[in-house]
Each structure stands twice: as structure tokens, then as C-alpha cells.
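Undergrad: I'd like to go over a predicted model; first the sequence, then the structure.
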2 protein chains.
Amino acid sequence: MSSKRFSYEYPHPAVTTDIVVFTIRDEQLKLLLIKRKLVPFKGQWALPGGFVTLNEDIEQCAKRELVEETGVKNVYLEQLRTYGDPQRDPRERVITIAYFALIASEKIRIQADTDAAAVNWFDTGDLPKLAFDHATIVNDALQRLQKKLDYSAIAFQFLSEEFTLSELQKIYEIIRGGEIDKRNFRKWALSLEDIEETGEMNNAGAHRPAKLYRLRSHKRVVDL
Amino acid sequence: MSSKRFSYEYPHPAVTTDIVVFTIRDEQLKLLLIKRKLVPFKGQWALPGGFVTLNEDIEQCAKRELVEETGVKNVYLEQLRTYGDPQRDPRERVITIAYFALIASEKIRIQADTDAAAVNWFDTGDLPKLAFDHATIVNDALQRLQKKLDYSAIAFQFLSEEFTLSELQKIYEIIRGGEIDKRNFRKWALSLEDIEETGEMNNAGAHRPAKLYRLRSHKRVVDL
DNA sequence: TCAAAAGTGTTTGCTATACACCCATGA
DNA sequence: TCATGGGTGTATAGCAAACACTTTTGA
């Protein structure tokens, strides 16, 4: 059988990565999905991802798949969890390492590519039926995102280098799903060690211009 | 080649689980290691673990390997992280899903088995040189353990069903690596929703007997 | 009666929350 | 001049930290 060239003494599962990419846009938390071009689950929406090749690191694989399938790059990426139910893929045993990615919406231009028939952003409150166990993965990612808001500076990943405090507050409100008092929020934000004024102002709209801020540590995720 | 019976169209990495098992004993945080019987790293100390078989869930695999190699069962187990550096195993591409386990020291009777030449508990402050990238994995597990102390009831996993507040305090002191004020600690512990007196006392030693407590939720890990 | 661990409250500072008005700009 | 979002301070309550002595038991 010339199509089965890779042989092992013991059975080996296939290994993939899947990436849960979030952004914030139109005042909503959005999730990036692709429409599958191939079986199984052909035509259904799924997380971008794909098989780990033999000589690439798994994080590299996640980044590569993301570029290949959606055109998205330069994201904040962290490992979420590995899913290994023996039945999770109807083809063969596939273990997937899920990643969790955040990106500022201005940095993106998505485009469907080789393995995807379409790529789109979905409101996290209104997702289509997902292929495989991707609904579970998305749930876990949402929980992780919410928890991490409280003890890390992860929210800054949704903003560009320079941002106003109102923009930052909006991020927290959208992800937490509730209003936050403006004065208390600003007091808290300004007490963070690694936030600083740029000196510039954001003149946008018929209202008082807002001061611009940046992270001193250049958008690294910092434990608070 | 009769020894290579498993063939695939694309290369598949091997997948293992490795388990970082902690306990507390002799007032020290201890880690369970096995001495490798086989190459590579024959004779070196390593985390217990082994290959995922085709039809078992990865968590099942971790539990099975733990029993097989060390005789340890009924542990608290959670997934830590997946490690996939292409060079981490000299034999072939091996991706490992690391787990993180805690057990009360009284519940254990360890014993070396098929794949291990020896099994032993090591002080986490004084570990031998470890095989593969296991030193990295252990470090990650230690960090996770310390962080989780603050926002979960994970420390109870080190105790048996019934325990005294002094025993509980000791756990926190050992893992944090510092003394804690007794009155403040008790105030905090007793304010936890799911701790309750058993009514029994612990008459041990030439001193005042201590009240015994238990967790209402029977030692589930609860977010605080 | 001594040694050894169990048990017990109050004060103080910090941090989170609640809350309402003036400011600067463009249209 | 008006609509829009930007910007600011104080009072209160709840939580974390500091701190020392009495109690009960077995040897």
C-alpha cells in the first residue's frame, strides 16, 4: 500500500492543534470559525486547526494553521488544554492540543484559504453548531478568558499599542458582561505598574479628546 | 517488517502521559519519581508515565500508568500541560500530556513495577537530574500548585478525610514556604463554606486534643 | 509541674465599592 | 448651544495582617 508509508511498532494517534481565536468588535466578543471544506463534518463550522507535522513544535503548528486557514498572524497565543476522547474524531484516533488566542480587531484581515471554504467571526453568544467536540473547547476557552481577566493583563491583547482608558474599560465590560463604575475602573487601571501615558491625545468625535496610554512592558501578559 | 504493523498515510507522533505526583511527608513537599529500567535515559530518574493506547482516554492512561509503575491509585488528578518539542525524546517524536496529581501520604504504598527499576519520593528542593524535559514539567507543576493554593481548596487533597486545623495550616506553610499566623489562618479556614467539625477529637501526644474537621463536599476541589 | 500543641479577639490599614458633577470638543 | 464621551474625589464597608496569652493533655 503505497499510500501508507509511515509505519510504527505500536499504534500512534494523530495529533492536531485547534485554535480558539477571540477578538472584540462591534462591542461584542467574537470567535473565529472556519467552514470545513472536507469530510468529516464537511460544510460545518469548526475551529481552525490541523495536523502537527513531524518536525514542528506544537505552538508553531498552531500559528501555522492559523495563518494557512484564516490569514491571521501575530496573535497572543497560549495553550489551553489537550482533548483526547478516543471517539472525538470519526476517522481515527485524534488527540488535539487546543490553543487560545486573542487579537486586536484592527490587526486582522481574515481570508479563507486552502482547507477552509469560508472564515468568519461569530458572536460568542450566538454560535452555530460546531464540528467534533469544538463546542466543549470553546466553552473551556471562554471560562479561561473570563478568569484570566481578574489576575492578568490579558485584556490589553484586544487593544492596539495605544489605547484610551474608556476603550480598556469597554473590553472588561464586554467580557464580564456587566457595567463597571468609571471612576473605580480608572483608579484601578492607573494603579497598575506598567501602564503609562503616551502624552498623545485621541481626537475622535464631537467630544473631549482622551489621553492615550500604553503598556510599558509592550503588551506582554503580566500577572497582576 | 513484522515489527512495524501500524501504518499511516501521514507521520504520526507518539503520545505519552507523564504524571507529577506530589505528597507531603516529614514536613516536606515530595515528588514521586521512577528509575528508568529501559533506554533512553536508562537508570535515570524520571516522571512516571507511558504511551497512550489507541482506545483509552488520556486521563485513563495517566491513571493506568501510575498504577502500573508505582502502585499509586485514587489520586486527585488534573491536566497540567502538553509538551511537544520535536527533540524532547531521542527515539522519535513524542508529545507528552503532563498531569498533576496530589495524594495524602497515608493513602500510599508505592512499589516499583514492570517498567521501573525503582520508585521513590524526593524532596522537591533536592531533586536528582531528570530524564527528558521532565525538569521543566516539574517546575510548571510546582508553580501551578502554588498558585492554586490561593484560589482553590486543593490543599485538602493532601489530607485524609478528617484532619485538624493545625495539619491544614502545615500544608499551606510547607507549600508556600513561610509561616502563617495561627489565628488568622483559623479565621480564614473556618470561614470556608464547606468545612465542618466532625465532633471527634484527635487525642495524639502530650498536649491538648484537637478538633477534627472534614469537607462537606467530600474533598472535591472547590474554587474559593 | 512541665512540655507541647490547641484554642481564642481586637486593632489597624488597605482595598473594593458606591456615588454625581464639570470639561473639552465638533457639529 | 448642545450632544457626546472624558475626566475627577470622598465616604464607607469588608477583608487581610499584626499581635500574646490561656487551655488541655500525657509524661
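TA: That came in fine, so what should we check first?

Undergrad: can you tell me the strand partners of the lowest-mean-pLDDT helix or strand in chain A and which way each runs?
TA: Across the helices and strands of chain A, mean pLDDT, DSSP states H and E gives its lowest value to strand A:116-123, namely a mean of 89. Strand pairing for strand A:116-123, determined by DSSP bridges: strand A:28-36 (antiparallel).

Undergrad: just the strands in chain A please.
TA: A:6-8, A:14-25, A:28-36, A:45-46, A:49-51, A:76-83, A:94-102, A:116-123, A:195-202, A:210-215 (DSSP state E).

Undergrad: is the second one in proximity to chain B?
TA: Right, the one you point to is strand A:14-25. Yes. Against chain B, strand A:14-25 shows contacts by CB under 8 Å from any CB of the partner chain at A:14, A:15. Yep, even glycine has a C-beta here, placed from its N, CA and C like the rest.

Undergrad: partner strands of that strand and their direction?
TA: Partners of strand A:14-25 in the sheet, by DSSP bridges, are strand A:28-36 (antiparallel), strand A:49-51 (antiparallel), strand A:94-102 (parallel).

Undergrad: using TSV, please lay out the ones you listed together with mean neighbour count.
TA: Below are the strands paired with strand A:14-25 laid out as TSV (neighbours: other CB atoms under 10 Å in any protein chain shown):
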stretch	mean neighbour count
strand A:28-36	21
strand A:49-51	20
strand A:94-102	24
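
Undergrad: so which of the ones you listed gets nearest residue A:146?
TA: strand A:28-36 (9.9 Å; CB to CB).

Undergrad: can you give me how far that closest one is from the chain middle?
TA: Taking the mean of its C-alpha atoms, strand A:28-36 sits 9 Å from the chain's own mean (CA atoms, centre = their mean, to the nearest Å).

Undergrad: which outside residues touch that strand?
TA: The contact list for strand A:28-36 (CB atoms under 8 Å, 6 or more residues apart in numbering or on different chains) reads A:19-24, A:42-48, A:69-70, A:72, A:105, A:110, A:112, A:115-125, A:127-128, A:130-131, A:138, A:174-175.

Undergrad: what do you get for stretch A:120-135?
TA: With CB under 8 Å, 6+ apart, stretch A:120-135 has contacts from A:18, A:22-23, A:25, A:28-36, A:40-41, A:44-47, A:83, A:85, A:88-89, A:96, A:110, A:138, A:142.

Undergrad: and with 7 Å instead?
TA: The contact list for stretch A:120-135, computed with CB atoms under 7 Å, 6 or more residues apart in numbering or on different chains, reads A:18, A:23, A:25, A:28-33, A:36, A:41, A:44-47, A:83, A:85, A:88-89, A:138, A:142.

Undergrad: quick one, what contacts the residue lying closest to residue A:7 once chain neighbours are set aside?
TA: In space, not counting the residues next to it along the chain, residue A:7 is nearest to residue B:4; the distance is 3.9 Å by CB to CB, 6 or more residues apart in numbering or on different chains. Listed by CB under 7 Å, 6+ apart, the contact set of residue B:4 reads A:7, A:8, A:9.

Undergrad: and the second one, how far from DNA strand C?
TA: The reference is to residue A:8. 53 Å (CB to the nearest atom of the strand, to the nearest Å).

Undergrad: I'd say that residue and residue B:6 touch.
TA: Yes. If you go by CB atoms under 7 Å, residue A:8 and residue B:6 touch, sitting 4.8 Å apart.

Undergrad: between the two, tell me which one has more neighbours.
TA: Higher neighbour count among residue A:8 and residue B:6: residue A:8, with 17 against 14, using other CB atoms under 10 Å in any protein chain shown.

Undergrad: narrow the contacts of strand A:28-36 to just the buried residues.
TA: Buried by 16 or more other CB atoms under 10 Å in any protein chain shown: A:19-24, A:44-48, A:69-70, A:72, A:110, A:112, A:116, A:119-122, A:124, A:130-131, A:138, A:174-175, out of the contacts of strand A:28-36.

Undergrad: among the residues you listed, which are within reach of DNA strand C?
TA: Checking these against DNA strand C by CB under 7 Å from any atom of the strand, not one of them is in range.

Undergrad: how about the residues of chain A by DNA strand C?
TA: Counting by CB under 7 Å from any atom of the strand, chain A comes close to DNA strand C at A:181, A:182, A:183, A:184, A:187, A:188, A:203, A:205, A:206, A:207, A:208, A:209.

Undergrad: in helices, which of these fall?
TA: A:182, A:183, A:184, A:187, A:188 (DSSP state H).

Undergrad: same list (the residues you listed) but as a markdown table, adding neighbour count, distance to DNA strand D and pLDDT.
TA: Converted to a markdown table, those look like this (neighbours: other CB atoms under 10 Å in any protein chain shown; distance: CB to the nearest atom of the strand, whole Å; pLDDT from 0 to 100):
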| residue | neighbour count | distance to DNA strand D | pLDDT |
| --- | --- | --- | --- |
| A:182 | 11 | 5 | 97 |
| A:183 | 8 | 3 | 97 |
| A:184 | 9 | 6 | 97 |
| A:187 | 10 | 6 | 96 |
| A:188 | 14 | 11 | 95 |
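
Undergrad: among these, which two are most distant?
TA: Across those, the longest distance by CB to CB is 10.9 Å; it joins A:182 and A:188.

Undergrad: can you list the weak-confidence ranges in chain A?
TA: Confidence mapping of chain A against pLDDT under 70 gives the ranges A:1-3, A:112, A:114, A:218-224.

Undergrad: change it to 90
TA: The model of chain A has pLDDT under 90 over residues A:1-5, A:10, A:38-39, A:69-74, A:105-118, A:150-153, A:192-194, A:203-205, A:216-224.

Undergrad: which two among the residues of chain A next to DNA strand C are spaced furthest apart?
TA: For the residues of chain A next to DNA strand C, the maximum inter-member distance is 28.5 Å, found between A:188 and A:206 (CB to CB).

Undergrad: would you turn the strands of chain A into a markdown table with distance to residue B:192?
TA: As requested, the strands of chain A are exported to a markdown table (distance: least, CB to CB, whole Å):
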| stretch | distance to residue B:192 |
| --- | --- |
| strand A:6-8 | 50 |
| strand A:14-25 | 33 |
| strand A:28-36 | 33 |
| strand A:45-46 | 42 |
| strand A:49-51 | 40 |
| strand A:76-83 | 27 |
| strand A:94-102 | 30 |
| strand A:116-123 | 38 |
| strand A:195-202 | 35 |
| strand A:210-215 | 36 |
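
Undergrad: quick one: closest of those strands to residue B:166.
TA: Taking CB to CB, strand A:76-83 is the member of these nearest to residue B:166, at 36.2 Å.

Undergrad: where does that closest one sit relative to the chain's centre, distance-wise?
TA: 10 Å.
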